[in-house]
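Peer 1: fold the following.
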Amino acid sequence: MKKHVLLLLAIMFGITGCSKSNETTKLKEESNTEKYVLSDDFIKAKVDNVHDGDSIFITYDVDGEPYSKELYLAGIDAPELIHPIYSEMPFGKEAKENLEKVIKESGDIYIETNEDEKTSTSGRLIGYAYANYDGELIQLNEMQVSQGLARVSDNLENVVDITILQENYDKLAESENKSKSEKLNIWGIENFVSDKGYDKKYKK
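Peer 2: Predicted coordinates:
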């Protein structure tokens, strides 16, 4: 009888110990997984001003020479805040304020682009921006989409390196599907957002 009890306890202990070990390993794997990682190709920049929910004005150095340009966040389209034809759209102000808040708390940001930083047309860059926010490296493009403050736009394929675009586009599309299913912000207004953009009848 004692042998049976000891054998049963040994089996139970072995199962419990194995389960705990697997759980610890899983937690370690998750904690070591980073969604985004900075590389030497990224440009460190200071944000001078946030124009709207998908564009900011930045200053950065190239070979010791300072440049100031507008950066358009690739792959996304936020509701209009200022436009010569129509006025502010729903969540245009919120999209800008969200970008401002994160940038203010993060400080410098990091830019990923394939354009020549010295000779980009119209004094404008198109790319992806990253910030160290709340102890985590986040992509600002995806942040806006994930919070329902911008839609995914695929009209930049001829401007941004297609490899960079596709790698990030998949993540943007995943975040958009989630915010859309939860009807966050822009997705809470019926027929406001489409593949072509925003319905201008909803302007404020």
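Peer 1: pLDDT score for Lys204?
Peer 2: With respect to pLDDT, Lys204 scores 62.
Peer 1: what of Lys20?
Peer 2: Reported pLDDT for Lys20: 33.
Peer 1: let me see the contact set for the residue nearest the centre of the chain.
Peer 2: The chain has Glu142 as the residue nearest its centroid, 2.1 Å off, counting by CA atoms, centre = their mean. By CB atoms under 8 Å, 6 or more residues apart in numbering, Glu142 lies in contact with Asn168, Lys171, Leu172, Ser175. In short, each C-beta sits where N, CA and C put it, glycine included.
Peer 1: which other residues reach stretch 182-200?
Peer 2: Under CB under 8 Å, 6+ apart, the answer for stretch 182-200 is 77, 79-80, 86, 89-91, 94, 147-151, 179-180, 202.
Peer 1: got it, and stretch 130-140?
Peer 2: Counting by CB under 8 Å, 6+ apart, residues outside stretch 130-140 touching it are 34-38, 42, 73, 99, 102-103, 105-107, 109-112, 128-129, 168, 171.
Peer 1: give the buried residues for that stretch.
Peer 2: Tyr130, Ala131, Tyr133, Ile138, Gln139, Leu140 (16 or more other CB atoms under 10 Å).
Peer 1: got it, and stretch 92-105?
Peer 2: So for stretch 92-105, counting by 16+ other CB under 10 Å, buried means Gly92, Glu94, Ala95, Lys96, Asn98, Leu99, Val102, Ile103.
Peer 1: likewise for stretch 171-180?
Peer 2: Buried, per 16+ other CB under 10 Å, within stretch 171-180: Lys171, Leu172, Ser175, Glu176, Ser179, Lys180.
Peer 1: follow-up on the earlier one: may I ask which of the contacts of stretch 182-200 has the most neighbours?
Peer 2: Ala150 (32 neighbours; other CB atoms under 10 Å).
Peer 1: phi, psi for that residue please.
Peer 2: Torsion angles at Ala150 (phi, psi; degrees, to the nearest 10) stand at phi -160, psi 150.
Peer 1: residues in contact with it?
Peer 2: Gly53, Asp54, Leu73, Ile76, Asp77, Ala78, Pro79, Ala95, Asn141, Gln144, Ile186.
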